[in-house]
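Chemist: Give me a model of this one.
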Amino acid sequence: MADNAKKANDCKVQGNEALQAGDFDKAIGHYTEGIALDETNHILFSNRSAAYAKVGKYDEALADALKTTQIKPEWAKGYSRVGTALSFLKRHEDAVAAFKDGLKIDPNNQLLRDGLAEAERQSSRPANPFAAPEVMARLAADPKTRAYLTQPDYMKMLSTLQEDPNAMSGFLQDQRFQDTLSVILGVNLGAKRPSEPGSGFPPSFQQQQEAPKKAAEPEPEPMEVDPAKTGAEEEKALGNAAYKSKDFGTALQHYDKAFELDPTNMLYLTNKAAVYFEQGEYDQCIEVCLKAEEVGRSNRADFKQIAKAFSRIGNVHFKREAYEESIKWYQKSLAEHRAADVLKKCQRAEKILADRKSQAYLDPEIALKSKTEGNEAFQKGDFPTAVKMYTESLKRNPEDPKVYSNRAACYTKLAEFRLGLKDCEECIRLDPQFVKGYVRKGLIHLALKESSKASQVFQTALELDPENRDARDGMSKCYSSQNKPMTEEEREQTAQRAMADPEVQQIMRDPAMQTILQQMQQDPNALKAHLKNPAIAEKIQKLMDSGLIAIR
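Modeler: Predicted structure coming up:
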């Protein structure tokens with residue numbers, strides 16, 4: 001397993017080199033090879049997403065980006081990949097949501113901020129009516145424009161307008177253009193040109209130039225209303241009313257009738273699937289959702305409708321507690337449309353699945369064996385191996401405070417003090433009476449030159465065990481450290497470390513605290529009066545803990 005992880009990392013390095021050299025296909029190949037070796041490596045999926053975007057494979061880029069956030073939901077860069085892919089797919093509103101999700105994790109990430117600003121700018125632009133998802137379905141449904149769809153020059157005109165709506169000035173004299181516009185906007189434009197006032201065309205797309213005048217043309221016949229579609233909508237409304245009143249049998253009859261009248265509208269099928277879900281007929285629900293997707297794809301349905309069908313299938317699997325399957329379908333839904341409610345369901349399923357896997361992995365006997373192997377590695381001075389074995393032990397039994405303490409000792413030897421501190425805190429949380437946990441924590445604070453914090457921790461240890469020699473020695477080291485004069489270099493390092501703390505920065509910028517600190521320098525007796533104020537005392541203690549000030 002470790003060997004595979006190393007090989008996967010080698011593939012990542014090779015992929016990065018190819019990506020930087022501009023050989024994107026080669027980079028994709030390396031990343032794919034790495035993923036085959038280690039499917040849990042989120043960076044491989046993230047980098048392959050970037051490579052796919054470089055070669056214009058935006059759907060693949062989105063799929064890899066979503067996989068990245070699934071593997072490591074707390075990694076902000078994954079959401080940047082999702083937002084970028086969605087932006088390339090011109091799904092700007094979904095991109096805005098993705099960038100915002102990333103900024104919740106890392107509010108200061110400039111890449112996410114820039115991506116959000118661009119996505120918001122793009123989403124605020126007036127929509128191109130020719131590029132709307134339902135355009136082809138509407139043109140195919142209208143008797144007049146349906147015939148145009150078989151004409152190559154018409155399809156070329158439509159493609160040009162979908163890319164650039166401002167190109168319509170070249171088609172103003174084409175009657176087919178006016179017919180197309182009438183269908184898309186749902187209004188009878190008559191003989192007016194789209195650039196004329198009252199034409200019904202959105203102002204953001206009106207042309208300023210005047211077209212050459214020509215003889216008045218007869219008005220086209222008013223658009224026909226399809227009675228079948230009207231009847232279908234009426235049946236759907238009746239079905240919805242029956243569904244709300246939980247008369248599911250009647251609801252199904254109306255939805256079937258609606259689809260019979262208009263077999264191009266997948267919504268009638270997804271509504272029918274919702275009824276089956278409520279009735280607990282899960283297999284039928286899935287079957288109808290799959291049929292709905294097929295109908296939707298054939299009739300160029302809105303991607304939000306496709307997403308709804310997929311999320312319904314995900315709901316079925318969630319209800320059945322088949323969480324891996326539910327996650328798969330939720331991810332497919334999110335690839336179509338990033339809906340907040342579906343994202344929450346997906347994350348919930350992922351958490352339940354992760355918890356179940358953790359529970360299934362528990363084994364006290366293997367935990368003890370791994371702990372023993374960790375102790376042996378520690379005695380040999382092989383601290384990385386010791387960390388690995390203690391980590392395995394904690395996966396098998398996460399309630400053993402002594403293993404957290406032992407791993408903290410390893411992290412201290414490896415100078416990974418923050419990780420060690422975290423383990424000490426978990427150790428103390430699990431067993432507040434475990435003195436060694438406090439001693440290890442105090443020693444780490446001393447290593448971080450936080451003698452004030454260290455003395456507080458050692459004091460707690462001595463309250464639990466007044467005769468503990470390690471705690472006594474630690475307290476002595478604190479006194480020595482606090483009374484030892486610092487060199488100029490040590491003072492500078494302490495100040496830099498302290499000023500990196502946002503809380504210290506806020507205290508030092510406070511005008512009232514600046515005045516108090518000046519008074520303390522001029523009159524040491526002023527400290528007693530200020531310490532009577534709990535809020536000020538807390539801030540002074542924070543400055544003492546950081547090493548910025550010392551009180552003799």
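Chemist: Lowest average confidence across helices and strands of the protein, where is it?
Modeler: helix 488-499 (a mean of 71; mean pLDDT, DSSP states H and E).
Chemist: For that one, which helices and strands make contact with it?
Modeler: helix 502-509, helix 534-546 (3 or more CB pairs under 8 Å, 6 or more residues apart in numbering; DSSP states H and E). C-beta coordinates here come from the backbone N, C-alpha and C atoms, glycine included.
Chemist: report the angle between the axes of the last one and helix 488-499?
Modeler: Direction vectors for helix 534-546 and helix 488-499, defined by axes from the mean of the first three to the mean of the last three CA atoms, to 10 degrees, enclose an angle of 140 degrees.
Chemist: Between helix 502-509 and helix 534-546, find me the angle.
Modeler: 120 degrees.
Chemist: For helix 534-546, the averaged confidence score.
Modeler: Averaging pLDDT along helix 534-546 yields 79.
Chemist: Could you name the helices and strands sitting against it?
Modeler: helix 451-464, helix 488-499, helix 502-509, helix 511-522, helix 526-531.
Chemist: quick one: which of those is nearest Val82?
Modeler: Closest to Val82 of the helices and strands packed on helix 534-546, according to CB to CB: helix 502-509, at 28.7 Å.
Chemist: For the longest helix along the chain, name the packing helices and strands.
Modeler: Across the chain, the longest stretch assigned as helix under DSSP state H is helix 340-361. With contacts taken as 3+ CB pairs under 8 Å, 6+ apart, helix 340-361 sits against helix 303-319, helix 323-336, helix 383-396.
Chemist: got TSV for those, with distance to Gly102 and mean pLDDT too?
Modeler: Shown next, in TSV, are these (distance: least, CB to CB, whole Å; pLDDT from 0 to 100):
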stretch	distance to Gly102	mean pLDDT
helix 303-319	21	94
helix 323-336	15	93
helix 383-396	28	94
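Chemist: In JSON lines: those, plus mean neighbour count.
Modeler: Listed next are the helices and strands packed on helix 340-361 as JSON lines, based on neighbours: other CB atoms under 10 Å:
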{"stretch": "helix 303-319", "mean neighbour count": "22"}
{"stretch": "helix 323-336", "mean neighbour count": "22"}
{"stretch": "helix 383-396", "mean neighbour count": "20"}
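Chemist: Make JSON lines from those and add distance to Glu503 to it.
Modeler: Formatted as JSON lines, those follow (distance: least, CB to CB, whole Å):
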{"stretch": "helix 303-319", "distance to Glu503": "42"}
{"stretch": "helix 323-336", "distance to Glu503": "38"}
{"stretch": "helix 383-396", "distance to Glu503": "30"}
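Chemist: For Pro263, identify the helix or strand it belongs to.
Modeler: Using DSSP states H and E, Pro263 sits in no helix or strand.
Chemist: If we go by neighbour counts, what in the longest helix of the chain is buried?
Modeler: Val342, Leu343, Lys345, Cys346, Ala349, Glu350, Leu353 (16 or more other CB atoms under 10 Å).
Chemist: cool, stretch 367-387 as well?
Modeler: Ala367, Ser370, Lys371, Glu373, Gly374, Asn375, Ala377, Phe378, Phe383, Thr385, Ala386, Val387.
Chemist: residues making contact with it?
Modeler: Residues outside stretch 367-387 that contact it (CB atoms under 8 Å, 6 or more residues apart in numbering) are 388-390, 392-394, 396-397, 400, 402-403, 406-407, 409-411, 413-414.
Chemist: Please repeat the previous calculation with a cut-off of 7 Å.
Modeler: Outside stretch 367-387, the residues within contact range by CB atoms under 7 Å, 6 or more residues apart in numbering are 389-390, 392-393, 396-397, 400, 403, 406-407, 410, 413-414.
Chemist: sorry, back to before: what's the most buried one of the helices and strands packed on helix 488-499?
Modeler: Across the helices and strands packed on helix 488-499, the average number of neighbours (mean count of other CB atoms under 10 Å) peaks for helix 534-546, which reaches a mean of 16.
Chemist: Just the CA trace of it, in CSV.
Modeler: Taking C-alpha atoms only, helix 534-546 is exported to CSV below (Å, rounded to 0.1, in the frame of the first residue of the first chain):
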residue,chain,number,x,y,z
PRO,A,534,-11.2,41.0,34.1
ALA,A,535,-11.2,42.0,30.3
ILE,A,536,-8.0,43.9,30.7
ALA,A,537,-6.4,41.2,32.9
GLU,A,538,-7.2,38.7,30.2
LYS,A,539,-5.5,40.8,27.5
ILE,A,540,-2.4,41.3,29.7
GLN,A,541,-2.2,37.6,30.3
LYS,A,542,-2.4,36.9,26.6
LEU,A,543,0.6,39.4,26.0
MET,A,544,2.5,37.6,28.8
ASP,A,545,1.8,34.2,27.3
SER,A,546,3.0,35.4,23.9
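Chemist: Show me the contact partners of that helix.
Modeler: Contacting residues not belonging to helix 534-546 are listed as 450, 452-453, 498, 501, 503-504, 507, 513, 516, 530-531, 549-551 [CB under 7 Å, 6+ apart].
Chemist: In ChimeraX, select just the buried ones from those.
Modeler: Of the contacts of helix 534-546, the buried ones go into a single ChimeraX selection, burial set by 16+ other CB under 10 Å:
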select :450,452,453,498,504,507,513,516,530
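Chemist: Dump stretch 174-187 to CSV, restricted to CA.
Modeler: The C-alpha trace of stretch 174-187 is given here as CSV (Å, rounded to 0.1, in the frame of the first residue of the first chain):
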residue,chain,number,x,y,z
ASP,A,174,-33.9,36.5,-42.9
GLN,A,175,-37.6,35.7,-42.2
ARG,A,176,-36.4,32.5,-40.4
PHE,A,177,-34.6,34.7,-37.9
GLN,A,178,-37.8,36.6,-37.1
ASP,A,179,-39.7,33.3,-36.7
THR,A,180,-37.0,31.9,-34.5
LEU,A,181,-37.1,35.0,-32.3
SER,A,182,-40.9,34.8,-32.0
VAL,A,183,-40.7,31.3,-30.7
ILE,A,184,-37.8,31.9,-28.3
LEU,A,185,-39.4,35.0,-26.8
GLY,A,186,-42.9,33.6,-26.8
VAL,A,187,-44.3,36.8,-28.5
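Chemist: pLDDT (mean, whole number) over the one helix or strand Lys236 maps to?
Modeler: Element membership of Lys236 [criterion: DSSP H and E] is helix 227-244. The predicted model assigns helix 227-244 a mean pLDDT of 89.
Chemist: Counting by contacts, list what whatever helix or strand comes next after it packs against.
Modeler: Downstream of helix 227-244, the first helix or strand assigned by DSSP H and E is helix 248-261. Here helix 248-261 touches helix 227-244, helix 267-279, going by 3 or more CB pairs under 7 Å, 6 or more residues apart in numbering; DSSP states H and E.
Chemist: Please identify the buried residues of the first one?
Modeler: Same thing as helix 227-244. Ala232, Glu233, Glu235, Lys236, Leu238, Gly239, Ala242, Tyr243.
Chemist: Taking helix 248-261 as reference, get the angle to it.
Modeler: Using the same axes, to 10 degrees: helix 227-244 against helix 248-261 is 160 degrees.
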